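> With the sequence up front, the predicted model follows.
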Amino acid sequence: MLAPLTSAQSSQTPVITFAPEQCCLSINQFHLAYAGKPALRDLTLDVPRHRVTAFIGPSGCGKSTLLRAINRLHDLNESVSHRGYIALEGQDIHAPQMNVTELRRRVGMVFQTPNPFPMSIYENVAFGLRLQRRLPKRKRDDIIEWALTSAALWDEVKDRLHRSAWQLSGGQQQRLVIARTLAVQPDVLLLDEPASALDPISTLKIEELIRNLKSQLTLVLVTHNMQQAARVSDYTAFLQNGELVEFGLTDQVFTNPRLQRTENYITGRMT
Amino acid sequence: MKPLSEQSKRRVNWLNDGLWPWLCAACVALSLLMLAALLTLLATRGLGHFWPATLEEVTLTSGDIVIGQPVRETPLPLNAGMERLYFTGNRDINGANWRWIAVDDISAQTTPNDLIRLERTPWGDFIGRLVAVESDGQRLTGQAAWDYITTALAQPASQQGSSDLLLITADGHALRQPLSNVSHFQAPNAMSWGQKVTAWGQNVWRFLSEGPRAANTGGGVWPAIFGTVLMVILMSVIVTPFGVLAAIYLNEIAHQNRLTHLVRIGVRNLAGVPSIVYGVFGLGVFVYGIGGSIDNWFFSDELPSPTFGTGGLLWASLTLALLTLPVVIVATEEGLARIPDAQREGAVALGATRLEMLTRVVLPMATPAMLTGVILAVARAAGEVAPLMLVGVAKLAPQMPLDGEFPYLHLERKFMHLGYHLFDTAFHGEDVQAAIPLVYATALLLVLIVLVLNLTAIFLRHYLRRQRGNEC
Amino acid sequence: MTSPRLPRVYLPLRQLQDRIATGLITAGGIGVLLAILAIGVFLAWETLPLLALGDTFALSKLSPLAWGTLKAAIAAMLFATPIALGAAIYSALFMSARLRSRLKPALELMEAVPGVVVGFIAGLVLAPWVERHLASTLLLIVWLPFSAILAGALWHLAAARLRRRLPHSWAGLWLIPWLVCMVAVALWLAPWLEHHLLGGDLRRLLDQQYGMDYATRNALIVGIAMGFAVIPSIYALAEDALADIPPTLMEGAQALGASRWQALWKVALPTAGPGIFSAVMIGAGRAVGETMIVLMASGNTALFSASPFEGLRSLSAAIAIELPEASPGGLTYHLLILAALSLFLFTFLVNTLAEVVRQRLRRRYHRLGGRP
């Protein structure tokens, strides 16, 4: 396990920092508001590389907002304002020289409900690839096979790659979306409650997939389900009202939270 | 006490619950009935006209003999029996095509097989008997004459040679008719069932493929079909890109605020603005404004006779494009709004630019909606007449807007339109009575075109909904 | 498994394309919207010279036309509104779902029938027929509602087996043959009634007793023909408003013991009232602007007369006939453009009003827990 470099803790804002070479995403004093209403308040947080970090917290605490901010999906909405700093591998994602299209390629995102495009399975995975430079078909096929294998879907779909993606089951669709994201080889994969719309068996498959993927890239998982956070994540951040309440090793946060608020939430005494 | 209140309650319920729903149901039935009646009327009259009608030879009590096709009967005033209208043709001899005959005056009525009906270029139809054919000094009678005419009419007019038909009318008036002026020859009473069906098919085809003759009382509507289709195609070429562009702008690019909301309501309302207003706009801005300026700059040597400064194909297409823009915009916008944001975010999150997101994910999904909009626009444009009366439709266009002469597509020419052709023939024709069957046929054709287009749109929308339903 | 190597991204071109396309779409979109809105500006601009002329006498030329427009619209609405609303109530609340899914496209097709065809049928077929059978026509107007009620009464008396075979939810369909029969009965009865009650000829009676002229093409014909054209649009909007009423509302009322009709009268109509109002408004907007039907079915005589048996001339028909001949810049030209402007403003205002009302209604349904 990657040990935190420092563990400076005040009563209000616990901060764990990692050595720069271990830190993939660094969020510093990030503040975001929807039409003037603050959704994230001065958040400071480091996400370690090649680990699974879970964001937990009650509904509306800002965890999904934070995820979308990392992908700069808020650019699509004009009523959002933000200040502060999010860095991907040391580069500010809002810097003028940062290209938002390239950023989004590097930061993959998987949404709550599976959103495969109305195309064949093959075309769904090829979508991101086709946006880049032209690839020879053989090379493209290799990448697609690799992405589907990584997403533990290859064996289920290899015989029907050219069928519509909408014919897959919900769990398969979600893995297809993950494969689609993996195909463009992101550095970070953001998962916004990826299993909340799925049945228990599909959920287990997704969780196993998340654990397997961390050897390749950094994962950030937003979830409502605390057992899920405990099962798959290495680090857990607890957010409430747009503020970071506690951040630490998952084992430590779940078994021995430093703050009463965290304990109340985890043990279900407060929603 | 109880039974009484039960009973009275039931009676009240019957009045309330039993009566009104039946009136409402009758409203539905009446609407459907009116629609069905309209369509049946058009179909029977429109298609029935092409059936080779039986010719009757009628002997009157006065001794007169009349040959004609019975059209309809109406009661005479003062309960004096019925009166029958015959189409007798022979306008050159009788001075009229029609004759009313009181049914009581008829003493004998037969349908001899040797009665014939000719379609001629001047004077319209001839109805009577064939005596002989004179061809290059040769005189043919009987079966030989029939065969000669059949083979001669099958050849192009230039090879027919000069031959005359010797004809005789019901009252013994003899007539010499050059064969070159005859376009169609028929002996309907002698025809078998199969021959009649064939003749019917040929007549329908002639209606669709020929130009109008004899002041719209004969011939077909091909130039009108051609003009309508050409105008509608030009219009769709203009309206589709612009309508889609405006819809994409409104739904995907513009900031969603109060102003966009207002613009959206405005566009929606423009779909309800009367078409004649668009016609006025087209006349004032396109024809007089832009067309007038073009004439001043490029065609000044032709002035004062206008080239573009008068109604024409281009201005009509533009006006109708403007008229149907709201239809396309609204339909496309609905299609775009139906696409879940998750699809857009999914594409963007994979590193697609907005253009790539639009062209690869959003627009393909919205295609059926766009197509629906365009088809509805085409259906509306095909049936719209009022604005065309201001911006370029013609009673009878001497030249087709598309021909072999450079630049092939003549945007400034006036054109014929099915709807206007219908209006003009029915209301400004010389012999409205004779033109009415053709007007029915034209109306049927127009309704068929519009209904087929609408059915396609309905089907597409249905397909679209079903597809969407599966996904969600 | 190691990941295959992906070639580097080539971004600037894609981004340039995106910028250009966005710019083009924006320019095109705004251009199109401005072009559409230019209609109002043009019409207003072209009527300005009239103000400069200050000729109030010229305006009086338009007043019989305005009256004609109004008369035609009123006649059409009198015919269309009851039928369209009745049909909407029946199909939203009583009709079987399967029939309803077929009926809506059928009425959409009715809306699509071109005005020029309706006008032709009205002007050349219906008008002469009505002229010859005026008494029958008037009798039919009374007779058809009565025959519907008669059908209802017979149905209630009929054996249960028959009632199951002909359910009320399908009445919209099986009433058609019934109505055809009743029309035939009325046509058979009418000459007899005319002969015995009205002394032979209704038209002569009207002329002699009340001094009413009868024109072949008159407001009655226009009303029927344009009503036919307007029914589908009123129906579609009113039906939407009624069908979107949250089902809990109607069920709640019926659970309290209200009959279906009471639930409709006390709950559904007040709730959907604004929607029905906007449907009627949009129908009126269409009736005011319709050109070809009025042109072909009205006789085009500019008269000030309230009689349903006399002709009329509407603003739209006057524009269609006179504008091509009016020299641009002349008084008639500007007057006709003023007519177009008033049509434009009227329909635009009516439609906007209807749209605002409908949006309010949608919000209300949303609050009441209906479909969004």
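Right, received. Where do you want to start?
> Write out the residues of chain B neighbouring chain A.
B:255, B:340, B:342-353, B:356, B:360-361, B:364-365, B:470-471 (C-beta under 8 Å from any C-beta of the partner chain). Every residue, glycine included, has its C-beta placed from N, CA and C.
> filter those down to the ones close to chain C.
Restricting the residues of chain B next to chain A to contacts with chain C (C-beta under 8 Å from any C-beta) yields B:351, B:353, B:356.
> and the gap between B:H428 and C:L295?
According to C-beta to C-beta, to the nearest Å, B:H428 stands 12 Å off from C:L295.
> what residue is smack in the middle of chain A?
When C-alpha atoms, centre = their mean is applied to chain A, the residue found nearest the centroid is A:L190 (1.7 Å).
> Identify the residues contacting that one.
A:67, A:70-71, A:107-110, A:219-220, A:222 (C-beta atoms under 8 Å, 6 or more residues apart in numbering or on different chains).
> now with 6 Å?
A:67, A:109, A:220 (C-beta atoms under 6 Å, 6 or more residues apart in numbering or on different chains).
> how about the nearest residue to the residue in chain A that chain B sits nearest to, chain neighbours excluded?
Residue of chain A nearest chain B, by C-beta to the nearest C-beta: A:R105 (3.2 Å). Taking C-beta to C-beta, 6 or more residues apart in numbering or on different chains, and ignoring the residues beside it in sequence, A:R105 has B:G351 as its nearest neighbour in space, at 3.2 Å.
> low pLDDT regions in the stretch 1-150 of chain A?
A:1-15, A:133 (pLDDT under 70).
> low-scoring pLDDT stretches of chain C, where are they?
Scanning chain C for pLDDT under 70 picks out the ranges C:1-11, C:53-58, C:198-200, C:211, C:369-372.
> ok, the one residue in the stretch 151-271 of chain A that gets nearest to chain C - how many residues close by?
Nearest residue of the stretch 151-271 of chain A to chain C, counting by C-beta to the nearest C-beta: A:Q185, 5.1 Å away. Look at A:Q185: counted by other C-beta atoms under 10 Å in any protein chain shown, it has 20 neighbours.
> three-state assignment of it?
Secondary structure, DSSP: H, G, I helix; E, B strand; the rest coil: A:Q185 is coil.
> where does it land on pLDDT?
Looking at A:Q185, its pLDDT stands at 85.
> Only the buried residues of stretch A:84-91, if you could.
Neighbour-count burial for stretch A:84-91 flags A:84-89 (criterion: 16 or more other C-beta atoms under 10 Å in any protein chain shown).
> Run a quick neighbour tally on B:L208.
13.
> can you confirm C:R217 is in a helix?
No - the assignment for C:R217 by three-state DSSP gives coil, which leaves it out of any helix.
> For burial, what's the neighbour tally of it?
Quick note: C:R217 (other C-beta under 10 Å) scores 26 neighbours.
> burial count for the residue lying closest to C:L249 once chain neighbours are set aside?
Using C-beta to C-beta, 6+ apart and skipping residues adjacent in sequence, the residue nearest C:L249 is C:V267, 5.8 Å away. C:V267 has 18 neighbours, counted by other C-beta under 10 Å.
> B:A108 now?
10.
> Which helix or which strand is home to A:H82?
strand A:80-88 (DSSP states H and E).
> quick one on the thing from earlier: buried ones among the contacts of A:L190?
A:67, A:109, A:220.
> ok, so of the ones next to chain C among the residues of chain B next to chain A, who is nearest chain A?
B:G351 (3.2 Å).
> That closest one in helix, strand or coil?
With three-state DSSP as the criterion, B:G351 reads coil.
> In three-state terms, how would B:S300 be classified?
coil.
> Distance check, it against B:E57.
Taken as C-beta to C-beta, the span from B:S300 to B:E57 is 65 Å.
> I'd like the buried residues of stretch A:84-91 as a markdown table, with distance to chain B appended.
Shown next, in a markdown table, are the buried residues of stretch A:84-91 (distance: C-beta to the nearest C-beta, whole Å):
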| residue | distance to chain B |
| --- | --- |
| A:G84 | 22 |
| A:Y85 | 21 |
| A:I86 | 16 |
| A:A87 | 19 |
| A:L88 | 14 |
| A:E89 | 16 |
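> ok, which stretches of the stretch 1-150 of chain C are helices?
Remark: helices assigned in the stretch 1-150 of chain C by DSSP state H, counting those that start in this stretch are C:11-53, C:56-89, C:97-112, C:115-120, C:127-132, C:134-157.
> what's the answer for the stretch 101-250 of chain B, then?
With DSSP H, counting those that start in this stretch as the criterion, the stretch 101-250 of chain B has helices spanning B:142-154, B:193-209, B:222-248.
> okay, those helices, which one's buried deepest?
helix B:222-248 (a mean of 22; mean count of other C-beta atoms under 10 Å in any protein chain shown).
> which secondary structure elements does that helix contact?
The helices and strands touching helix B:222-248, judged by 3 or more C-beta pairs under 6 Å, 6 or more residues apart in numbering or on different chains; DSSP states H and E, are helix B:313-338, helix B:363-383, helix B:418-428, helix C:11-53.
> after the third one comes which helix or strand?
Helices and strands here follow DSSP H and E; after helix B:418-428, the next one along the chain is helix B:432-471.
> what's around A:G108, how many residues?
So A:G108, with other C-beta under 10 Å, has 27 neighbours.
> So which residues lie in contact with the helix or strand harbouring it, not counting its own?
Using DSSP H and E, A:G108 maps to strand A:107-110. For strand A:107-110, the surrounding residues in contact (C-beta under 6 Å, 6+ apart) are A:70-71, A:177-178, A:181, A:186, A:188-191, A:194, B:349.
> quick one: strands adjacent to that strand?
Here strand A:107-110 has these sheet partners by DSSP bridges: strand A:188-192 (parallel).
> Give the closest residue to B:L118 in space, chain neighbours not counted.
Using C-beta to C-beta, 6+ apart, the nearest residue to B:L118 is B:F126, at 4.2 Å.
> so what's whatever residue of the stretch 301-450 of chain B ends up closest to chain C up against?
Nearest to chain C in the stretch 301-450 of chain B, going by C-beta to the nearest C-beta, is B:G383, at a distance of 2.9 Å. The contact partners of B:G383, by C-beta under 6 Å, 6+ apart, come to B:450, C:114.
> Check the spacing between it and B:A457 real quick.
13 Å.
> If you count surrounding residues, which of B:H428 and C:L295 has more?
C:L295 (29 against 12).
> Now do the same contact list for the more buried one.
C:317, C:320.
> check which helix or strand covers it.
Remark: C:L295 resides in helix C:292-297, with elements defined by DSSP H and E.
> Can you name every helix or strand that the very next helix or strand once past that helix contacts?
Downstream of helix C:292-297, the first helix or strand assigned by DSSP H and E is helix C:315-322. On a contact count with 3+ C-beta pairs under 6 Å, 6+ apart, helix C:315-322 meets helix B:275-281, helix C:56-89, helix C:292-297, helix C:331-367.
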